[in-house]
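Asker: quick check, what structure comes out for this input:
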Amino acid sequence: MVRAYEKDLRRIIVEEIAPEIDAEFEILHIGEHTVMVIQVKQGSELCWIVPTRETFIRRGATNTKATPEEIIQLHKERNHTRRF
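Answerer: Model prediction:
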């Protein structure tokens with residue numbers, strides 16, 4: 001059952017998050033519980049878009065919805081970086 005969840009999550013990551021993220025999965029057995037640990041490696045992108053077309057920014061250990069001003073700033077930074 002846990003492997004089926006892992007397979008579904010891997011599919012969602014590949015198909016529905018842009019740009020793609022690099023995630024590692026680990027299954028732990030703690031007492032009577034099974035826990036899936038998902039570690040997402042830091043990428044070069046500053047934000048990600050999900051199927052709802054919302055944009056989120058990672059701030060420490062929290063994902064927050066980007067404000068319109070933040071999205072504009074991210075696009076400016078991305079375009080400035082790619083020109084050089």
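
Asker: partner residues bridging Ile39?
Answerer: No, residue 39 isn't Ile; it's Gln. Listed beta-bridge partners, Gln39: Glu24 (assigned using DSSP bridges).

Asker: neighbours around it, how many?
Answerer: Here the neighbour count serves as a burial measure; for Gln39 (other Cβ atoms under 10 Å) it reads 9. (Each C-beta comes from the backbone N, C-alpha and C, glycine too.)

Asker: next one: Phe25
Answerer: Residues contacting Phe25 under the criterion other Cβ under 10 Å number 16.

Asker: which non-adjacent residue is nearest it?
Answerer: When the adjacent residues along the chain are set aside, Phe25 lies closest to Glu6, with 5.2 Å between them (Cβ to Cβ, 6 or more residues apart in numbering).

Asker: how about the CA coordinates for the host helix or strand of that neighbour, as PDB?
Answerer: Taking DSSP states H and E as the criterion, Glu6 maps to helix 2-16. Below are the C-alpha coordinates for helix 2-16, written out as PDB (Å, rounded to 0.1, in the frame of the first residue of the first chain):
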ATOM      1  CA  VAL A   2       2.800   2.400   0.900                       C
ATOM      2  CA  ARG A   3       4.600   1.700  -2.400                       C
ATOM      3  CA  ALA A   4       1.400   2.600  -4.300                       C
ATOM      4  CA  TYR A   5       1.300   6.000  -2.500                       C
ATOM      5  CA  GLU A   6       5.000   6.600  -3.300                       C
ATOM      6  CA  LYS A   7       4.300   5.800  -7.000                       C
ATOM      7  CA  ASP A   8       1.300   8.200  -7.100                       C
ATOM      8  CA  LEU A   9       3.300  10.900  -5.400                       C
ATOM      9  CA  ARG A  10       6.200  10.500  -7.900                       C
ATOM     10  CA  ARG A  11       3.800  10.700 -10.800                       C
ATOM     11  CA  ILE A  12       2.200  13.900  -9.300                       C
ATOM     12  CA  ILE A  13       5.700  15.500  -8.800                       C
ATOM     13  CA  VAL A  14       6.700  14.800 -12.500                       C
ATOM     14  CA  GLU A  15       3.300  15.600 -14.100                       C
ATOM     15  CA  GLU A  16       1.900  18.400 -12.000                       C
END
